[in-house]
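# give the three-dimensional model of this entry:
(one chain, ligands or ions: 1)
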Amino acid sequence: MAVVLQQNSDTMATTTEPPVAKRLTKEQILKTHNAHLKKQENMPSTAPRPVKQPVMTEAYPASTKSIRDVEIIPLNSLQVESHHLNKGIIVKVVSPPFVGAGAVSIVQDSFGNVEKLSIYNQNDSSILSAVPEGCIVAVKEPYYKHNGGGDGDYIIAVDHPSDVILLRFTDPIIPESLRVGPLLKTAEEWKNAGDTAFLGKDFPTAVFCYSEAIEASEDEKFNAPIYTKRAGTNLVLGRYDAAKADSLASRTNGPGDWKAYYNAGRAAYGLCQYEESKEFLEKALELNSSNNVIRKEYDRCLARLKEQETGEYDFSGMLASLSPTNVHLDRASFLRNTRVAESPLHGKGLFATTELKAGEIVFVEKATLMPNQYEPSRASAALYALTVRQLCDNPSLAKDVLQMYDGGYERSGLEGTIVDGVPVLDVFLIEAIRQKNCFSSPLSTVEDTKPRSPEGRMAKGLWIRAAAMNHACVANTMRSFVGDLLISRATRDIKEGEELFHQYVPVKSLPDLRNQRYKDSWGFECACALCSVEKTSPEANRNKRKELLAQIEKICNKKVPGREIIPDATIRTVDRLAKQLEDAHETELYDGLPRLTLIYSSNWLVGAHRGRKNWGKVIRYGIKVLRNFGFRVPSDESEVWDPRGIYAAQDNKTLMTLHVVTALRRLGEAYGALGQKELAERCVEAAEFGYLLVTGFKNSLTDLD
Ligand SMILES: C[S@@+](CC[C@H](N)C(=O)[O-])C[C@H]1O[C@@H](n2cnc3c(N)ncnc32)[C@H](O)[C@@H]1O
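Below you'll find the predicted structure:
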């Protein structure tokens, strides 16, 4: 790397300006840096790079200025703990980088001042992620900080990736004394250097060298194949916007242009722009109809367009194809049943564009961003880092991501616009968006519901369409996951134009507790049919329910049904307390609404009686579980049980969870044991339907055994 970029360095003039803060000397800075570099040599190169996730209380805005519009200042006029608005520095990197969460290098300005520069949030596809010695960089509106060491240990910390610009060696903005004289390389030499870097899999350097080659030559014929090479390299790096532009720039109006269209088609596919991809691939096929590679790509694109149009997916096949390394499924989103519009509740919301039946797919969405990181302690940082990376690499994505709700973060309004060739990216805004919009997702919901699945393995991702949905505890949709695909199904019949809701997190039974969580994490208080009613319940009653629930939990936690014989007395006590709890619900308020504090006891009593094969009681409490989730189920065996009907009613105020499926299974089992075959079958059918809602597609209930 350094071999490619290092230019002849001159001795530099020294400054006469007085230092603003007492700083370490150049020798001290270099000595410490070299010691760190020595340590780095002994560190394993495979260790994952740590992520510096922004702390929102330390937020400062990204620069929206061009480096050409700010005052260039010497390093020794930087003020400690200051953000230098309207100022910039231009420096040469005079050391190899120490690469941790940031790339720390020693830099020198045109006056000979030396400082430490730490560049964070650059991704591996950029040279700036480990900026090599010899480069010249500009930092706009730099932040100069204490570095945690002793006196005089300061650092220029660059958090926003667009605040630092890698300058081309020929850029006239570079001060005379940092200039390196005439460039060493011809266009041909840059191209060869690019090829060498490409073969060595140093793709960022290859892109840099191909760019220099193109800049150094005005010969279109010479440049066309270099555009092709740069397009190919950008494809490898996942920089699809650049790959598409390069592919189109490589056209020569000849029959060989099939390659340009083929690459442009792949780039558009990478951006999930399947219509555009299809058009490019059709052009490629017009020029080279017998090429099977193009045909294969074209067929793949048609399959995505079909999914986009029909919402038909082979979910079981997709589930089978998942593995720890394959979590990103090659599938398109199906979104046409929904649209984003203003919500009466808050900002934007999601609305049905058509009538939907209970159980129907509302939408299927491929994650815009979801790292393969299921370790919960690392999932947030991984999503943050991936978001920054993708927005840097593919500015076209920035438009969609940056319009997402930010919890009130103060924006400049210029985020995402291109300044100095890169999109303005404010990492604190990105973090604010992540916090308000990301979902946790298991590798697959169906696996996650199985009793023996490992607990807590959750990735975090951004699904832009799903994130437009507001929350309701008694929601009309339910989400599930297969890899990076989010499946949303209707939990009841939905009218065209109705606002769609889902639960942001599993709903806690006590209204104060769950609303505290919504407030803390998302800044809202829920006003769904359940929360708005529960709020009007007198405090004394709310407290009574809370106390009774605590008593029941205390007793039940001691005795786990199924694992030991539960004494009759315990069952009777729980039964009595559950009855008191039931009575503590105001009949007129809770009419037809879930009574969530009762679920724990009714579930427990189902288990306790099932352990004793006391089927009549299993039925009694099983029905209570369903009622307490808001389902209107027949109380009398003479009434007809409609397995789908219990979900369908549009005015349902039900709360759908896996517990509903379990209760239906227990009911089926109990009716079966009592010889009521038809009722048993109906309950099992209702359980299967519920399991489809929970897992996203048809799965066998035996998975739950
Ligand atoms: C993922 S966004 C949902 C879309 C958002 N309404 C928008 O304008 O983009 C989450 C934010 O929506 C708001 N929100 C979600 N559900 C809400 C509700 N039931 N009532 C009020 N605000 C809600 C909260 O401000 C929350 O932080």
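
# residues near the closest residue in space to residue 451 that isn't next to it in sequence, how many?
In space, and not counting its chain neighbours, residue 451 is closest to residue 704: 6.9 Å by Cβ to Cβ, 6 or more residues apart in numbering. No exception for glycine: its C-beta is placed from N, CA and C like everyone else's. Other residues near residue 704 come to 17 when the count uses other Cβ atoms under 10 Å.

# contact partners for residue 704?
Listed by Cβ atoms under 8 Å, 6 or more residues apart in numbering, the contact partners of residue 704 are 449-451, 661-662, 665, 691.

# quick one, phi psi at it?
phi -90, psi -10 (degrees, to the nearest 10).

# and for residue 88?
phi -150, psi 160.

# got the confidence number for it?
We have a pLDDT of 98 for residue 88.

# that one and residue 158 touch, don't they?
No. If you go by Cβ atoms under 8 Å, residue 88 and residue 158 don't touch, sitting 11.5 Å apart.

# intersection of neighbour lists for those two?
With Cβ under 8 Å, 6+ apart, residue 88 and residue 158 have common neighbours 139, 142.

# give me the buried subset of the contacts of residue 704.
449, 661-662, 665, 691 (16 or more other Cβ atoms under 10 Å).

# ok, which stretches of the stretch 401-550 of the chain are strands?
With strands called from DSSP state E, counting those that start in this stretch, the stretch 401-550 of the chain shows them at 418-419, 422-423, 439-441, 459-461, 470-471, 477-482, 485-490, 499-502.

# which outside residues touch the third one?
With contact meaning Cβ under 8 Å, 6+ apart, strand 439-441 is reached by 367, 370, 376, 379, 458-461, 463, 466-467, 479, 481, 484, 486.

# find the nearest non-adjacent residue to residue 231, please.
Counting by Cβ to Cβ, 6+ apart, the nearest residue to residue 231 once its immediate chain neighbours are dropped is residue 246, at 3.6 Å.

# what's the pLDDT at that neighbour?
Here the pLDDT value assigned to residue 246 is 98.

# distance from the chain centre to stretch 101-110, please.
Distance of stretch 101-110 from its chain centroid, counting by Cα atoms, centre = their mean, to the nearest Å, is 31 Å.

# neighbours of residue 674, just the number please.
Count around residue 674 with other Cβ under 10 Å applied: 15.

# flag every residue of this structure that's near the ligand.
Counting by Cβ under 6 Å from any ligand atom, the residues of the chain close to the ligand are 343, 345-349, 405, 407, 436-437, 467-468, 470-472, 522-524, 526-527.

# just those: which are in helices?
Among these, the members falling in helices (DSSP state H) are 436-437, 467, 522.

# can I get those in JSON lines including distance to residue 152, neighbour count and pLDDT?
Formatted as JSON lines, these follow (distance: Cβ to Cβ, whole Å; neighbours: other Cβ atoms under 10 Å; pLDDT from 0 to 100):
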{"residue": "436", "distance to residue 152": "40", "neighbour count": "17", "pLDDT": "98"}
{"residue": "437", "distance to residue 152": "42", "neighbour count": "20", "pLDDT": "98"}
{"residue": "467", "distance to residue 152": "46", "neighbour count": "22", "pLDDT": "98"}
{"residue": "522", "distance to residue 152": "43", "neighbour count": "19", "pLDDT": "97"}
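
# out of those residues, who's nearest the ligand?
residue 522 (3.4 Å; Cβ to the nearest ligand atom).

# enumerate every residue touching the closest one.
Contacts of residue 522 were listed using Cβ under 8 Å, 6+ apart, and they are 407, 436, 471, 504.

# out of those residues, who's nearest the ligand?
Using Cβ to the nearest ligand atom, residue 471 comes nearest to the ligand of those, at 3.8 Å.

# the closest one: how many residues sit nearby?
Counted with other Cβ under 10 Å, the neighbours of residue 471 add up to 19.

# then residue 31?
Using other Cβ under 10 Å: residue 31 sits among 11 other residues.

# same question for residue 53.
17.

# same question for residue 188.
Neighbours of residue 188 (other Cβ under 10 Å): 12.

# distance check, it against the ligand.
Distance check for residue 188 against the ligand: by Cβ to the nearest ligand atom, to the nearest Å, it reads 52 Å.

# also residue 117?
The spacing between residue 117 and the ligand, counted by Cβ to the nearest ligand atom, is 36 Å.

# so which elements touch the helix or strand hosting that residue?
In the assignment (DSSP states H and E), residue 117 maps to strand 114-119. Using 3 or more Cβ pairs under 8 Å, 6 or more residues apart in numbering; DSSP states H and E, the elements in contact with strand 114-119 are helix 26-41, strand 87-93, strand 103-108, strand 136-140, strand 154-158.

# how far does the longest one sit from its chain's centre?
In terms of Cα atoms, centre = their mean, the centre of helix 26-41 is found 37 Å from the chain centre.

# what's the first helix or strand after it?
strand 71-72.

# can you get me a residue count around residue 201?
Residue 201: 9 neighbours (other Cβ under 10 Å).

# which residues touch the residue nearest the centre of the chain?
For the chain, the residue sitting closest to the mean C-alpha position, by Cα atoms, centre = their mean, is residue 461 at 2.4 Å. By Cβ under 8 Å, 6+ apart, the residues touching residue 461 are 367-371, 383, 438-439, 441, 484.
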